[in-house]
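Visitor: Sharing a model that was predicted from the sequence below.
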Amino acid sequence: MRAAALGLAACLLAGAAPGPTTAEADQKAFQAYFRSRFPEVPMADFANGPYAVNAAMRKQWEEIMQFPPYDFALDEGKTVLLEGGQATLLDVDHGTYPFVTSSSATAGGACTGSGIGPRRIDKVIGVVKAYTTRVGEGPFPTELLDADGERLRSVGREYGTTTGRPRRCGWYDAVIARYAARVNGITDFVLTKLDVLTGWEQVPVCVAYEVDGRRLPEMPMTQTEFHHAVPVYEYLDGWSQDLGGARTFADLPGNAQRYVQALQEMSGAPFASIGVGPDREQTLQLRPLV
């Protein structure tokens, strides 16, 4: 809607009078679009035009405007944290189009979405699991459609938070991690769910792809190649010890330490912390993030 100029500026909901570009014709266009997308909503709710629809939203906007802009907070030496809600490969520009979301999910989108200039961003933290997951359709070279995949899903509780839909699971893909590190300018990775891999004798890690007989150490240039990419694995020794009680990196079994170190060398940015369980105290800090 925003790209089609059919959206409503939030400031209009705060009581500002509509300007010449939000006149009656635009209101009708908005209503027609809304009716086509949400036919179950009674159009009587729009009897007075979209500006009268949502008093609760107007109140919320007024409350938001009372907070100081992010730039002012940075000027005062405060820390501002911006959180992305989607993964790199779901970015509308840099992801696996058309299997993407409709917005900029990479770090650059934080600047356009917040109004903070790029030069004021001094740290970009990427979150990766110790294996790979994906929700919905799209290419997934390391996907496991066997007992190993089901085990990752079950132990890692890989089900959609809202829908409960099972996530697709596979081994760690260092090619995607390196791509994400470059596209986002990642300064630090946070590695999560290392504990889920406990019990495997060996843990495969994808270090490159093979496409039509060619070895590709980086992301393919076309979606066709990515769909046909076959993972090239390096096999690392696994561990059987429970990791939930670890509180420092030194507490981890030797093979778990070597797995983390290998992933760090392959992924394009250092690991700042490691998750070995769902609780806050089960996060092992390797280097400060703030």
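Guide: Yes, it's here.

Visitor: Below-threshold pLDDT in this structure: ranges please.
Guide: Residues of the chain that meet the criterion pLDDT under 70 lie in 1-31, 33-34, 38, 40-68.

Visitor: redo that, cut-off 90
Guide: The model of the chain has pLDDT under 90 over residues 1-73, 84-86, 101-103, 112-117, 135-136, 160-165, 221-223, 289-290.

Visitor: Tell me where it has helices.
Guide: Applying DSSP state H to the chain gives helices spanning 10-13, 24-37, 55-64, 70-75, 108-114, 147-155, 174-184, 223-227, 254-267.

Visitor: neighbours around the closest residue to T79 other than its chain neighbours, how many?
Guide: Nearest non-adjacent residue to T79, counting by CB to CB, 6 or more residues apart in numbering: V290, 5.8 Å away. Using the backbone N, CA and C atoms, a C-beta is placed for each residue, glycine as well. Using other CB atoms under 10 Å, the number of residues around V290 comes to 6.

Visitor: Next: F226.
Guide: Residues near F226, counting by other CB under 10 Å: 20.

Visitor: give the contact list for it.
Guide: With contact set as CB atoms under 8 Å, 6 or more residues apart in numbering, F226 has these partners: 96, 139, 141, 219-220.

Visitor: Please repeat the previous calculation with a cut-off of 10 Å.
Guide: 89, 96, 138-141, 175, 209, 211, 216, 219-220 (CB atoms under 10 Å, 6 or more residues apart in numbering).

Visitor: quick revisit: quickly compare the helices of the chain and say which is most buried.
Guide: Among those, judged by mean count of other CB atoms under 10 Å, the one packed with the most neighbours on average is helix 174-184 (a mean of 21).

Visitor: Next, the angle from whichever strand in the chain runs longest to helix 174-184.
Guide: In the chain, assigned by DSSP state E, the strand with the most residues is strand 202-211. Put simply, strand 202-211 runs at 70 degrees to helix 174-184, going by axes from the mean of the first three to the mean of the last three CA atoms, to 10 degrees.

Visitor: Relative to the whole chain's centre, how far out is strand 202-211?
Guide: Distance, stretch centre to chain centre, for strand 202-211: 22 Å (CA atoms, centre = their mean, to the nearest Å).

Visitor: likewise stretch 195-203?
Guide: Here stretch 195-203 is found 24 Å from its chain centre; the criterion is CA atoms, centre = their mean.

Visitor: And it, what's buried?
Guide: By 16 or more other CB atoms under 10 Å, the buried positions in stretch 195-203 come out as 195-198, 200, 203.

Visitor: Spatially nearest residue to G245 (excluding sequence neighbours)?
Guide: D251 (7.3 Å).

Visitor: Quick check: that neighbour touching D242?
Guide: No. Using CB atoms under 10 Å, D251 makes no contact with D242, being 11.1 Å away.

Visitor: got any residues that touch both of these two?
Guide: Among the neighbours of D251, those also in contact with D242 (CB under 10 Å, 6+ apart) are V276.

Visitor: re the thing from before, in JSON lines, list the helices of the chain along with distance to G238.
Guide: Below are the helices of the chain laid out as JSON lines (distance: least, CB to CB, whole Å):
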{"stretch": "helix 10-13", "distance to G238": "51"}
{"stretch": "helix 24-37", "distance to G238": "49"}
{"stretch": "helix 55-64", "distance to G238": "48"}
{"stretch": "helix 70-75", "distance to G238": "44"}
{"stretch": "helix 108-114", "distance to G238": "36"}
{"stretch": "helix 147-155", "distance to G238": "12"}
{"stretch": "helix 174-184", "distance to G238": "17"}
{"stretch": "helix 223-227", "distance to G238": "28"}
{"stretch": "helix 254-267", "distance to G238": "6"}
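
Visitor: wait, which of these is closest to T133?
Guide: helix 147-155 (8.0 Å; CB to CB).

Visitor: Return the list of helices and strands in contact with that closest one.
Guide: strand 132-134, strand 168-170 (3 or more CB pairs under 10 Å, 6 or more residues apart in numbering; DSSP states H and E).

Visitor: check contacts around the residue nearest to T79.
Guide: Shown in contact with V290 (CB under 10 Å, 6+ apart): 79, 81, 123, 125.

Visitor: Give me the distance between the last one and T187.
Guide: In this case it means I125. I125 is 7 Å from T187, where distance means CB to CB, to the nearest Å.

Visitor: which neighbours do those two share?
Guide: Contact criterion CB under 10 Å, 6+ apart; residues bridging I125 and T187 by contacting each: 107, 269, 272, 289.

Visitor: Can you tell me which of these are buried?
Guide: 107, 269, 272.
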